[in-house]
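1. what's the 3D shape of this:
(2 chains, ligands or ions: 2)
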Amino acid sequence: MIRFVGAKTLDFVTQLGEIALLLMETVRNIFRRPFPRRNFFEQIVKIGWNSIPVTFFTAISTGAILALQTGYAMMSNVKGTEHFVGGVVALSVTRELGPILCAIMIAGRAGSGITAEIGTMKVTEQIDALVTLSANPVHYLIVPRVLAGVIVLPLLTLFTDLVAILGGMLVAFLEMGLNEAQYIETTLRMLTISDINNGLIKSVVFGLLITLIASFEGFRTKGGAEGVGKSTTRSVVMICMSILFFDYVLTSLLTTNF
Amino acid sequence: MSQTSDYAIEVRGLKKQLGGKEVLRGVDLSICRGETMVIIGQSGCGKSVLLKHIVGLHYPDDGEVFIDGKPLNGVSSAERLALLSEFGMLFQGAALFDSLTIAENVVFRHIQSRRYSQKEMDRIVDEKLEMVGLSGVAHLKPAELSGGMQKRVGLARAIAADPKFILYDEPTTGLDPIMADQINDLILHMKDMLNVTSIAVTHDMVSAYKISDRISMLYQGEVIETDTPERIQRSKNPYVRQFIRGEAYGPITTVRPFGRTAPSGTKGGKHETPQ
Ligand SMILES: Nc1ncnc2c1ncn2[C@@H]1O[C@H](COP(=O)(O)OP(=O)(O)O)[C@@H](O)[C@H]1O
Ligand SMILES: [Mg+2]
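-> Ligands and ions are numbered 1, 2, ... in the order given. So this is what the prediction gives:
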């Protein structure tokens, strides 16, 4: 048992090292010309544009549920504090739920897609073919994905924040009949720019984690269709765990600054 | 060391372990300029792995590959890339990029270099696809083609940039006999017209005899015989004889169906050191 845990831990540490190396390799390749424009725009569409529906749905329901839960909790416990629901929703969403939910959804949607695509290229020797045609796989495949992820995630997070706050409002006004002016007032009063900024900083890191780990797992794929399935699963699990871990680290770093 | 540069490609003492298995156990192979060398051997004996060492996709555990007398490994990555840019490779499964069209696959290298106009590239696409007997497929995606057609596109892509060296991994496997013979003719044409140096891996002995200047047999991670097709056909080596005649019974161990033993007169199921 101890040996098993030890081996797993060692595995994990080696993998972290390999991912760090891949990150360095990626950064070095960002500056290499010619920039893989076409792949980059394709990835912006795949990771960003195509994820808008699922992000929208997640955000609007999260905002609505959050408003409903906190609203009823406040009503039944401390009468007259209901309009604070606006502030509570805004804070929870911008600081925490927006970045993390958005990242988890994109990990499931785009992260798995990246691993499956690169993994398939690996097992069908397309990666080898790239090399024999004088293309650098990191430059051609990873750079566009990582850049797209780092750019798109903050934008999607901002979108999530907005839609979730809207979802909260809809429930508060239509379902619970709260006072509109008071609700909006608490939202604006409690929300600060630094909350939004911190959320966006997190989302940049999440964008990097999703695309980098997904690419890494894709490159490591071995053994046909079965191997692609395995590495896709492992990729999503790895990404989600690292998002949660870095969320904690970043939250403690960003909040001690204030 | 002056003799090394007499060869276009030279493999010396190449050893490689993969997945805990000794796949190559000291391969020696020399290919002259303009020669077509065919490598034969059973499935899984390491032919593809050997080719991948020559195009730099694998790094040897031991031994070295020389291209035009220059070592491939242990030089700067710029030198290595320069040596490797002279190669065209046809992969066993074609390995076409499935997100790109056939045309984009064929001129992939040209598109990446950004030094060619669309018109020049269109011309190259038409010319190379015609050479492999395909037309009207340039705008399709690889998934829309049959396996044999994909293979020919892979070949068109391998020759698109007029390489000095071409490696073919099972070029005729999966093709009908007529198409296979067209590919054989194409390989001969590449050699005669463009004076390329080639290595082809195949189990198709008809193709091997037709295209090769010399044939090498790989067995258990080593080259056991290298000779001209005529002399290979008359080889006394029992392993070579069994392979080129495609006989189930002989010194090469195979799984015997239903536990049958070899008929009398042939020795079965025993490893002997080939002479
Ligand atoms: N990347 C790899 N990792 C582990 N084993 C490998 C790898 N590539 C090839 N092998 C093993 O090496 C042996 C030779 O493979 P290969 O060269 O593809 O055979 P073939 O002669 O049919 O082309 C096989 O047993 C295969 O399982
Ligand atoms: Mg093979």
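2. what about contact with ligand 1: does the longest helix along chain A have any residue there?
-> Ordering each helix of chain A by length in residues (DSSP state H) puts helix A:224-256 first. No: applying CB under 6 Å from any ligand atom, one finds helix A:224-256 separated from ligand 1 by no less than 11.3 Å. (Glycine included, C-beta is placed from N, CA and C.)
3. surely residue A:214 is in contact with residue A:142?
-> No: with contacts counted by CB atoms under 8 Å, residue A:214 stays clear of residue A:142, the gap being 9.6 Å.
4. which elements pack onto the longest helix of chain A?
-> helix A:98-106, helix A:112-123, helix A:193-219 (3 or more CB pairs under 8 Å, 6 or more residues apart in numbering or on different chains; DSSP states H and E).
5. ok, 6 Å please
-> Contacts defined by 3 or more CB pairs under 6 Å, 6 or more residues apart in numbering or on different chains; DSSP states H and E place helix A:224-256 against helix A:112-123, helix A:193-219.
6. how about chain A: which residue is closest to ligand 2?
-> Chain A approaches ligand 2 most closely through residue A:125 (10.2 Å), counting by CB to the ion.
7. what pLDDT does that residue get?
-> Listed pLDDT for residue A:125 reads 95.
8. how many neighbouring residues does the nearest residue to it once chain neighbours are set aside have?
-> Nearest residue to residue A:125, sequence neighbours excluded (CB to CB, 6 or more residues apart in numbering or on different chains): residue B:95, at 4.0 Å. By other CB atoms under 10 Å in any protein chain shown, 24 other residues sit near residue B:95.
9. quick one, what contacts residue B:95?
-> A:124, A:125, A:126, A:129 (CB atoms under 6 Å, 6 or more residues apart in numbering or on different chains).
10. wait, the second one sits on residue B:91?
-> When you say that, I think you mean residue A:125. Yes: if you go by CB atoms under 6 Å, residue A:125 and residue B:91 touch, sitting 4.9 Å apart.
11. circling back: which of the residues in the longest helix of chain A are buried?
-> Of all the residues in helix A:224-256, those buried under the rule 16 or more other CB atoms under 10 Å in any protein chain shown are A:227-228, A:231-232, A:235-236, A:238-240, A:242-243, A:246-247, A:250-251, A:254.
12. again, but for stretch A:49-60
-> Buried, per 16+ other CB under 10 Å, within stretch A:49-60: A:51, A:55, A:56, A:58, A:59, A:60.
13. export those to a markdown table and tack on distance to chain B and secondary structure?
-> Listed next are those as a markdown table, based on distance: CB to the nearest CB, whole Å; DSSP: H, G, I helix; E, B strand; the rest coil:
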| residue | distance to chain B | secondary structure |
| --- | --- | --- |
| A:51 | 19 | helix |
| A:55 | 24 | helix |
| A:56 | 27 | helix |
| A:58 | 28 | helix |
| A:59 | 30 | helix |
| A:60 | 33 | helix |
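14. chain B: helices as residue ranges?
-> Under DSSP H, chain B gives helices at B:47-54, B:77-84, B:102-106, B:108-113, B:118-131, B:147-159, B:177-194, B:205-211, B:229-233, B:238-245.
15. between the ones you listed, which one is nearest to residue A:166?
-> helix B:102-106 (42.7 Å; CB to CB).
16. is any residue of that closest one near chain A?
-> No: contact of helix B:102-106 with chain A (CB under 6 Å from any CB of the partner chain) is absent, the minimum separation being 9.1 Å.
17. nearest residue to residue B:209 other than its sequence neighbours?
-> residue B:229 (4.7 Å).
18. can you give me the distance of the one you found to ligand 1?
-> From residue B:229 across to ligand 1, the span is 20 Å (CB to the nearest ligand atom, to the nearest Å).
19. chain B against ligand 1: which residues are in contact?
-> Counting by CB under 6 Å from any ligand atom, the residues of chain B that sit close to ligand 1 are B:18, B:19, B:23, B:41, B:43, B:44, B:45, B:46, B:47, B:48, B:49.
20. buried only: go through those for me.
-> Buried subset of the residues of chain B next to ligand 1 (neighbour count, 16+ other CB under 10 Å): B:23, B:41, B:45, B:46, B:47, B:48, B:49.
21. between the residues you listed, which sits nearest chain A?
-> Nearest to chain A, judged by CB to the nearest CB, of those is residue B:48 at 9.1 Å.
22. returning to what we had before: and the buried residues of stretch A:49-60, which two are the farthest apart?
-> A:51 and A:60 (14.6 Å).
23. is the closest residue to chain B within the stretch 151-258 of chain A in a helix, a strand, or coil?
-> Closest to chain B within the stretch 151-258 of chain A is residue A:222: 9.0 Å, counting by CB to the nearest CB. When states are read from DSSP: H, G, I helix; E, B strand; the rest coil, the local structure at residue A:222 comes out as coil.
24. which residue, other than its chain neighbours, is closest to it?
-> In space, residue A:222 is closest to residue A:123, 7.1 Å off (CB to CB, 6+ apart).
25. could you dump the buried ones among the residues of chain B next to ligand 1 into CSV with pLDDT added?
-> CSV is the format used below for those (pLDDT from 0 to 100):
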residue, pLDDT
B:23, 95
B:41, 93
B:45, 92
B:46, 94
B:47, 95
B:48, 95
B:49, 95
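26. which one among those residues gets closest to ligand 2?
-> Distance to ligand 2, by CB to the ion, is smallest for residue B:48 among these, at 3.2 Å.
27. low-confidence stretches in chain B?
-> B:1-5, B:254-275 (pLDDT under 70).
28. can you give the domain ranges for it?
-> For chain B, automatic domain parsing gives the domain ranges B:1-86+B:164-170+B:195-275, B:92-162.
29. identify the bridge partners of whichever residue of the stretch 101-250 of chain B sits closest to ligand 2.
-> Of all residues in the stretch 101-250 of chain B, the one sitting closest to ligand 2 is residue B:169 (5.8 Å; CB to the ion). Per DSSP bridges, the residues bridged to residue B:169 are residue B:201.
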